[in-house]
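>>> Would you be able to build a 3D model of this:
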Amino acid sequence: MARATRATQPELDAAVQALRDGEVVGFPTETVYGLGANAQHASALQKVFVLKGRPTSHPLIVHLDSARFLHRWARAVPPAAARLAERFWPGPLTLVLPRADNVLDLVTGGQDTVAIRVPSHPMALQLLTAFGGGIAAPSANRYGHVSPTRAEHVREEFGEGVRVVLDGGECKVGLESTIVACLHGEVRLLRPGHISLTQLRHAVGKVASGPGAEAPRVPGSAQSHYAPVTPLRLVAAGQMERLADELSRGGVRVGVLAQRPPLGSFRSVTWVNAGTRLDRYAHDLYANLRTLDKIGATCLLVQEIPADERWDAVRDRLTRAAAGTATDPGELP
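Purely as a prediction, here's the structure:
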């Protein structure tokens, strides 16, 4: 798919006007497409939660066009947060900081923290600059479901419910941002993403990992998330063919997401070879899950991915996707 980098002036004007009117807008970032609303407009934010079916206790990420506006949203920016922003913004990093007094509870989920990032997609920055304010945006999909990496995914999810969807082509990264909290004198990784734990440590030194006792709620932290409608099961590489064959012989239609071609042919099996390159696998993951979700399969078998740190973000998404569907072997045909 051709990659657009900038909106036309009429498209941009329509998106900005929709935001100012208290409507929601679909727009691309380098990670996934966002469902954006004016971060200072309570009724617009409420529309985001209603459209997604998302609990209002789940915080939103405020998108800015520059780190120079951080002070408008955070009452404190620790030195480690400033270093991370300097190193990784614009880019796929979200910082969780103490909220400023003016930030709405609908943005923070009622917490004393706010999640902020500066995206790198040119069209997202174009929109943010033209709007002149913060845009609060979760991923542009129904709550708990597979995130969108193309404009067509947003339209499939919401139809006319979203007045404007800016088409910036396929998202470059394809997975949601890395989320890091800089609170109480500690730096803590709360959601893995394109920026790895090792990269974070190179930038600021000590970085804890995992939710921790006092960690705030952040997007994508629910046990089940990123899930297709079709039940999904993670399977060891050496068992893919056996399971696919057994299920298909029993008359079950099966979708497979693997890192290699099949070693044989099977009835009623759609096999997607996503390859072994991490960047390509991550880029295509949600599009592949959406494709397999449409084939009418009874179940999806996904090959377990490598155990090393580079694959942490992909492993996180697949583990939560499996938790969001019927993955117990006894629940599959």
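>>> in the longest helix anywhere in the chain, what's buried?
Determined from DSSP state H, the single longest helix within the chain is helix 278-293. Residues 278, 281-290, 292-293 are the ones in helix 278-293 that count as buried (16 or more other CB atoms under 10 Å). (Each C-beta comes from the backbone N, C-alpha and C, glycine too.)
>>> what's the following helix or strand after that helix?
strand 299-303 (DSSP states H and E).
>>> just the helices in this structure please.
Remark: helices assigned in the chain by DSSP H are 9-20, 42-52, 79-88, 105-108, 122-131, 151-158, 197-204, 240-249, 278-293, 312-323.
>>> helices and strands around the fourth one, which ones?
Secondary structure elements in contact with helix 105-108, counted by 3 or more CB pairs under 8 Å, 6 or more residues apart in numbering; DSSP states H and E, are helix 42-52.
>>> So what touches the helix it packs on?
Judged by CB atoms under 8 Å, 6 or more residues apart in numbering, the contacts made with helix 42-52 from elsewhere in the structure are 19, 22-24, 35-39, 54-56, 60, 104, 106-107, 136-138, 141-143, 158, 161-162.
>>> Nearest to residue 114, out of the helices of the chain?
If you check each of the helices of the chain against residue 114 by CB to CB, helix 105-108 wins as the nearest, at 5.4 Å.
>>> Once you drop chain neighbours, what's closest to residue 20?
residue 38 (7.1 Å; CB to CB, 6 or more residues apart in numbering).
>>> Can you name the residues that contact the nearest residue to residue 313 once chain neighbours are set aside?
Distance criterion CB to CB, 6+ apart; nearest residue to residue 313, sequence neighbours excluded, is residue 192 at 4.3 Å. Counting by CB under 8 Å, 6+ apart, residue 192 makes contact with 178, 312-313, 316.
>>> give me that answer again for 10 Å
If a contact means CB atoms under 10 Å, 6 or more residues apart in numbering, then residue 192 has 175-176, 178-179, 209, 220, 309, 311-317 as its contacts.
>>> For the buried ones among those, write the corresponding PyMOL selection.
Of these, the buried ones can be selected in PyMOL as follows, counting by 16+ other CB under 10 Å:
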select buried, resi 175+176+178+179+220+311+312+313+314+315+316+317
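>>> For the contacts of residue 192, could you give me a markdown table that also reports pLDDT?
Shown next, in a markdown table, are the contacts of residue 192 (pLDDT from 0 to 100):
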| residue | pLDDT |
| --- | --- |
| 175 | 98 |
| 176 | 98 |
| 178 | 98 |
| 179 | 98 |
| 209 | 95 |
| 220 | 85 |
| 309 | 94 |
| 311 | 97 |
| 312 | 97 |
| 313 | 97 |
| 314 | 98 |
| 315 | 97 |
| 316 | 96 |
| 317 | 97 |
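>>> Surely residue 241 and residue 266 touch.
Yes - the criterion here is CB atoms under 10 Å, and residue 241 meets it with residue 266 at 7.5 Å.
>>> any common contacting residues for those two?
residue 256.
>>> that older thread, so which of the helices of the chain is nearest residue 225?
Once CB to CB is applied to those, the stretch that comes out nearest is helix 312-323, at 4.2 Å.
>>> Show me what that closest one is packed up against.
Contact analysis of helix 312-323 by 3 or more CB pairs under 10 Å, 6 or more residues apart in numbering; DSSP states H and E lists strand 186-191, strand 232-235, helix 278-293, strand 299-303 as its packing neighbours.
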